[in-house]
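Trainee: can you look at this prediction? I've put the sequence above it.
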Amino acid sequence: MNPPLLALLILLPLPCCRCIFAQPSEFRLLSCYDGAGNYTAGSTYRRNLDTLLSSLAADYQTTTGFYNLSVGLGPDRVNAMGLCRADISLQACRDCISEATTRLVFDCPVQKTAFGHYGNTCQLRYSNRSIYGSLEPDPPSLYLGNFNNASDPVRFGDALRALLVRLRGSAAEGSSVRKFATGAARQGSLTIYGLVQCSPDLSRQLCDECIAAAARQIDGRRIGGQIWQPCCRVGYETHPFYSDAESPQPAAPGTGGRSKNTTKIAAVVIPIAGAAVLGFIFILFFCRRSLKRSRIPIQSQRDATDEIGNEGCLQFDFETIRVATNDFSQKSKLGEGGFGVVYKGTLSNGQEVAVKRLKKDSAQGHREFKNEVKLVAKLEHRNLVKLLGFCLKGGEMLLIYEFIPNASLDHFLFDVDKKKDLSWERRYKIIIGVTRGMTYLHEESRLRIIHRDLKASNILLDAEMVPKISDFGMARLFDTDETRAITNRIVGTYGYMAPEYAMHGQFSVKSDVFSFGVFVLEIVSSKKNKHIHGNSSMKDLLSYAWRNWRNGTYTNLVDPSLGNNFSGAEVARCIHIGLLCVQENVNDRPTMAAVALMLTRQSIALPLPSKPAFFVHTGTGDQGSSSSSRDCYRRSTSRGGITDHNGGSSPPAEALPLSRNEVSVSELYPR
């Protein structure tokens, strides 16, 4: 091919090249608002909601990243708004909105008003009332902060505040489809990068108020942080974390006619040349990757078999498993996860098994398969699910486990009727069992394993309701002398992730401890650690547990279905231990071995916990809030016609002098 023709082909658009952000399976900020009423299956409101969400998911006309749709009339009218972070690609935005339309109605199955925020990509909200042009008070802010303090916090804070004020003004002056600004400021040797965004339906004044209220909740001593609210967001880091494409810097002033012409020519030629180089690199990469992928299935299967063939577990024949699961029939299906489907099977000897069939041609599924076989085959503990064997054939990847008849804990814990089968005695035994299993993984097995996805849905219950930890597809093997690692591939479930892992990819045994703390608080309360708003003033589980423990009203956290049939001392101790596990400072969290001692030896005194990580500032007098931010949300509440359940005030955290001294067993919670 001659060079001019090749150059022309390189400069042609590449329609197959598009940037798609991977979406998290769960919202990072969620509100299912019961106060606005519920709908029933088959109702007019539900039909209107389905129509609206389908329209949003299929909307390829909107190119601004801001969606505003309504369907229906009168009390059955559904209003919805979706918003993407302005610096992500259009395709990533559409993918995120489409994902959100499915996830939000799944998480809020009967509520007429719901809100879901994916963090760094998009958010979606719908309601039976008008939501256009008003600030939303629910859910409250979610703040994620960097753990490192600036060397000169006073000057750093001043530079940060000045930057956010400047960006706030720029965003507020934006158009009716885009209120977004990014910028940078120098402070000593550091460069502070900032990003602010408002929902475009807000007026200039409301946008300014929203960003100002969010910025007041940021700890200016930290060298990074993100705060998300329903109507705006504020973020800053000391490294670039946004795309400059959507927020071009102002051009330098010209110096004369010839210079201007040269600048214009350079402005045209340089991007074209850059695109040509990138296009050529992409074509070479794509071709090489395609050739490589064509060889992967057979080779990877051979490599995997060689790698795990002598791990000590049985390799099953595919036909045996196909017959055992009745050809993987729908009736045999037990559940479905992100990378495969689980079936119940019966072997020829009558033994019941659970078969996980991982998705074909999935790189993540292939990693999960090898991970589980290599790790779980070497583990043996009463509180870990047992891997019986595996099967590899023609791209099929099957994992065969012992069958656990009572499914996973979440099927009981979060079900209105089934949770009544979980007496406090059973719940306490489940906590103890999971503690022993995690202690074994961290310290007692011949391997040191970080699970990285401990949650109720990964705890299986056998016929005697004995807990068994499952799903090691995301687990990480540590050397015996290794204490911490960093990864760029964040896996797990938001809400259970430790902040240092979710924000910076840093994980250790203390990351699992954080997840365990959330798990314990969920068992006590039968509430998910999500941002929800019901008749109680609960904003998120960690904040709710912290406030009630601090106020001495820990029984408010207890699942009402237990009535008075629980041990107050055991519940108080579990809540106390749970709060110790979810502390922000990694070093303050106990090890799982220490937790085991705390739970089984009541004579051991417990240290006082500090404020949980991901603590939500609600604007009700908690540390970091202000009267102006509360007033801002009260104004928005009156416009929206929703009663403000958080109008009262509580003493600020500074008014409670919590020491780090140990307390006696009889004083587990402050007065």
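Mentor: Great, that's in hand.
Trainee: residue contacts, Met44?
Mentor: Quick fix: residue 44 reads Thr, not Met. 72, 76 (Cβ atoms under 8 Å, 6 or more residues apart in numbering). Placement of C-beta: from N, CA and C, glycine included.
Trainee: change it to 6 Å
Mentor: Applying Cβ atoms under 6 Å, 6 or more residues apart in numbering, we find Thr44 in contact with Asp76.
Trainee: number the residues from 213 up from this point.
Mentor: Fine by me, first position is 213 from now on; the one you just mentioned is Thr256.
Trainee: what does the pLDDT read for it?
Mentor: On the pLDDT scale, Thr256 is placed at 94.
Trainee: ditto for Ala292
Mentor: At Ala292, the pLDDT value in this model is 94.
Trainee: and it, what are its bridge partners?
Mentor: Leu281, Tyr338 (DSSP bridges).
Trainee: I'd like the average pLDDT over the helix or strand hosting Ala757.
Mentor: For Ala757, the element it lies in under DSSP states H and E is helix 753-763. Helix 753-763 shows a mean pLDDT of 91.
Trainee: and if you look at stretch 303-321?
Mentor: 89.
Trainee: that stretch: which residues count as buried?
Mentor: The neighbour-count check on stretch 303-321 (16 or more other Cβ atoms under 10 Å) flags 304-313, 315-317, 319-320 as buried.
Trainee: re the thing from before, name the helices or strands packed onto the helix holding Ala757?
Mentor: Taking 3 or more Cβ pairs under 6 Å, 6 or more residues apart in numbering; DSSP states H and E as the contact definition, helix 753-763 has no neighbouring helices or strands.
Trainee: and it, C-alpha only, in PDB?
Mentor: Extracted C-alpha coordinates of helix 753-763, given in PDB (Å, rounded to 0.1, in the frame of the first residue of the first chain):
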ATOM      1  CA  LEU A 753     -25.800   2.400  58.700                       C
ATOM      2  CA  LEU A 754     -22.300   3.400  59.900                       C
ATOM      3  CA  SER A 755     -23.500   7.000  60.700                       C
ATOM      4  CA  TYR A 756     -26.600   5.700  62.400                       C
ATOM      5  CA  ALA A 757     -24.700   3.100  64.500                       C
ATOM      6  CA  TRP A 758     -22.100   5.700  65.500                       C
ATOM      7  CA  ARG A 759     -24.700   8.300  66.600                       C
ATOM      8  CA  ASN A 760     -26.700   5.800  68.600                       C
ATOM      9  CA  TRP A 761     -23.600   4.300  70.200                       C
ATOM     10  CA  ARG A 762     -22.300   7.700  71.100                       C
ATOM     11  CA  ASN A 763     -25.700   8.800  72.600                       C
END
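Trainee: any chance you could list what contacts the helix or strand following that helix?
Mentor: Note on helix 753-763: by DSSP H and E, the next helix or strand toward the C-terminus is helix 780-793. For helix 780-793, contacts defined as Cβ under 6 Å, 6+ apart pick out 640, 725, 728-729, 732-733, 736, 761, 766, 770, 801-802, 810, 818, 821, 880.
Trainee: go again using 8 Å as the cut-off
Mentor: 636, 640, 643, 725-726, 728-730, 732-733, 735-736, 757-758, 761, 766-767, 769-770, 800-802, 807, 810-811, 814, 818-819, 821, 824, 880-881.
Trainee: taking those residues one by one, which sit in helices?
Mentor: 636, 640, 643, 725-726, 728-730, 732-733, 735-736, 757-758, 761, 807, 810-811 (DSSP state H).
Trainee: list phi and psi for the residue lying closest to Lys545 once chain neighbours are set aside.
Mentor: Nearest non-adjacent residue to Lys545, counting by Cβ to Cβ, 6 or more residues apart in numbering: Tyr555, 5.7 Å away. With angles defined as degrees, to the nearest 10, Tyr555 sits at phi -120, psi 150.
Trainee: kindly state the beta-bridge partners for Tyr555.
Mentor: In beta-bridge terms (that is, DSSP bridges), Tyr555 pairs with Lys545, Val567.
Trainee: count the neighbours of it for me.
Mentor: By other Cβ atoms under 10 Å, 24 other residues sit near Tyr555.
Trainee: which stretches of the stretch 663-812 of the chain aren't confidently modelled?
Mentor: Where the stretch 663-812 of the chain drops to pLDDT under 70, the residues are 685-704, 706, 713-714, 716, 742-751.
Trainee: rerun that using 80 as the cut-off
Mentor: Judged by pLDDT under 80, the stretch 663-812 of the chain has its weakly predicted residues at 684-719, 742-751.
Trainee: next one: the stretch 313-462 of the chain
Mentor: 331-332, 348-359, 456-462.
Trainee: start from the N-terminal end of it and give the helices.
Mentor: Taking DSSP state H, counting those that start in this stretch to define them, one finds helices in the stretch 313-462 of the chain at 365-384, 416-428.
Trainee: now the last one and helix 365-384, what's the angle there?
Mentor: Relative orientation of helix 416-428 with respect to helix 365-384: 160 degrees, computed using axes from the mean of the first three to the mean of the last three Cα atoms, to 10 degrees.
Trainee: now for helix 416-428, which elements pack on it?
Mentor: helix 365-384, strand 402-410, strand 444-449, helix 839-852 (3 or more Cβ pairs under 8 Å, 6 or more residues apart in numbering; DSSP states H and E).
Trainee: list the buried residues for that helix?
Mentor: 418-428.
Trainee: dump those to JSON lines, plus distance to Ser620.
Mentor: JSON lines is the format used below for the buried residues of helix 416-428 (distance: Cβ to Cβ, whole Å):
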{"residue": "Leu418", "distance to Ser620": "44"}
{"residue": "Cys419", "distance to Ser620": "44"}
{"residue": "Asp420", "distance to Ser620": "47"}
{"residue": "Glu421", "distance to Ser620": "44"}
{"residue": "Cys422", "distance to Ser620": "40"}
{"residue": "Ile423", "distance to Ser620": "41"}
{"residue": "Ala424", "distance to Ser620": "44"}
{"residue": "Ala425", "distance to Ser620": "40"}
{"residue": "Ala426", "distance to Ser620": "37"}
{"residue": "Ala427", "distance to Ser620": "41"}
{"residue": "Arg428", "distance to Ser620": "41"}
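Trainee: of all those residues, which comes closest to Ala362?
Mentor: Ala427 (16.4 Å; Cβ to Cβ).
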